[in-house]
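Visitor: sequence? don't have it. structure:
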């Protein structure tokens, strides 16, 4: 356990990443589920915020239930939910460059309005034809909306795989445009979770395995941050951050122990 220097925080709420913190693939990380229950039992309000965009919100909740972790609809925040709200507010129709499993989160939206290109982790559905159609729509004036810009994630085989970020960056480069980001490390994404919890950002801590998107994003938004050495973490990730995390923990179990000691 590596703790940053400074006075002890007073923690009122916890944000948790999912992939790489609670599970890898479909397998819970040892001790993670028990750690979540310890935080719940202590009365700490929790929100699970994820950049996972290969699964719909309903499917993510079902996956967690099968793993033995029950999460309510209000406790789970995904980028797709925020993008859908944006599309509805601005009266836009989505051109989806996403995994087919995610399409249900955009079901029933009108298709006869001005379009916005929505990019997530499409996996095998990242085809040249689909990306080229998205490119043409953006050059014709469509907004580019990014569900996430993560570089990579730890895949079910234990290796790192490309996430949505490189494909978003390719479209930005090709169209000389800038995507509007909805997932981590967007301050709006963290802000939505903070507002939902109802406590000041300075009293809320984020736990993640992605130094850039999870921890740096949280700290930049005024939260505290814990980096866990599970999932996509690689030795030395913490040294690349402009601000030191409040804690670098071996896993969620150790992170929960530290949080409970700093309530």
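Guide: That came through fine. Quick caveat, the model's predicted, so the values are computed rather than measured. Residues are numbered from 1 along each chain as shown.

Visitor: Just the buried positions in the helix or strand containing residue 190, please.
Guide: Using DSSP states H and E, residue 190 sits within helix 187-197. Neighbour-count burial for helix 187-197 flags 187, 189, 190, 192, 193, 194, 196, 197 (criterion: 16 or more other CB atoms under 10 Å). Where C-beta positions appear, they are placed from N, C-alpha and C, glycine not excepted.

Visitor: Which single one of these is nearest to residue 157?
Guide: residue 189 (28.0 Å; CB to CB).

Visitor: What residues does the closest one make contact with?
Guide: Residue 189 makes contact with 49, 77, 79, 82, 181, 182, 183, 217, according to CB atoms under 8 Å, 6 or more residues apart in numbering.

Visitor: so of those residues, which ones are in helices?
Guide: If you go by DSSP state H, the contacts of residue 189 have 79, 82, 217 in helices.

Visitor: show me the contacts for residue 108.
Guide: If you count contacts by CB under 8 Å, 6+ apart, residue 108 has none.

Visitor: ok, for residue 180, nearest residue in space, not its chain neighbours?
Guide: residue 145 (5.3 Å; CB to CB, 6 or more residues apart in numbering).

Visitor: if I look at that neighbour, how far off is residue 257?
Guide: Relative to residue 257, residue 145 is positioned 39 Å away (criterion: CB to CB, to the nearest Å).

Visitor: mind listing the helices for the stretch 151-263 of the chain?
Guide: 165-175, 187-197, 217-220, 252-261 (DSSP state H, counting those that start in this stretch).

Visitor: For residue 123, find the nearest of those helices.
Guide: Each of those has some distance to residue 123 by CB to CB; the shortest is helix 165-175, at 10.5 Å.

Visitor: before we move on, the earlier item: any idea which of the helices of the stretch 151-263 of the chain gets closest to residue 72?
Guide: The closest approach between residue 72 and any of the helices of the stretch 151-263 of the chain, judged by CB to CB, belongs to helix 187-197 at 11.8 Å.

Visitor: Please compute how far that closest one lies from its chain's middle.
Guide: Here the centre of mass of C-alpha atoms in helix 187-197, compared against the chain's by CA atoms, centre = their mean, to the nearest Å, lies 12 Å away.

Visitor: One more: stretch 232-241?
Guide: Taking CA atoms, centre = their mean, one finds stretch 232-241 lying 18 Å from the centre of the chain it belongs to.

Visitor: pretty sure residue 204 is in contact with residue 223, am I right?
Guide: Yes - with contacts counted by CB atoms under 8 Å, residue 204 reaches residue 223, the gap being 5.1 Å.

Visitor: Residues in contact with both of these two, list them for me.
Guide: Counting by CB under 8 Å, 6+ apart, the common neighbours of residue 204 and residue 223 are 15, 194.

Visitor: more neighbours, residue 145 and residue 257?
Guide: Here residue 145 and residue 257 are set side by side on neighbour count (other CB atoms under 10 Å), and the busier one is residue 145, at 24 against 14.

Visitor: What is the helix or strand containing that one packed up against?
Guide: Element membership of residue 145, judged by DSSP H and E, is strand 143-146. Strand 143-146 makes packing contacts with helix 79-89, strand 115-119, helix 165-175, strand 180-181 when contacts are defined by 3 or more CB pairs under 8 Å, 6 or more residues apart in numbering; DSSP states H and E.

Visitor: switch the cut-off to 10 Å
Guide: Taking 3 or more CB pairs under 10 Å, 6 or more residues apart in numbering; DSSP states H and E as the contact definition, the neighbouring helices and strands of strand 143-146 are helix 79-89, strand 93-97, strand 115-119, helix 128-139, helix 165-175, strand 180-181.

Visitor: So which of these is the most surrounded?
Guide: Comparing these by mean neighbour count (mean count of other CB atoms under 10 Å), strand 115-119 comes out on top with a mean of 24.

Visitor: Output the below-cut-off pLDDT ranges for this structure.
Guide: Within the chain, the stretches falling below the threshold (pLDDT under 70) are 4-9.

Visitor: Closest one to residue 171 out of the contacts of residue 189, please.
Guide: residue 181 (12.8 Å).

Visitor: Since that was my last question, I'll sign off now.
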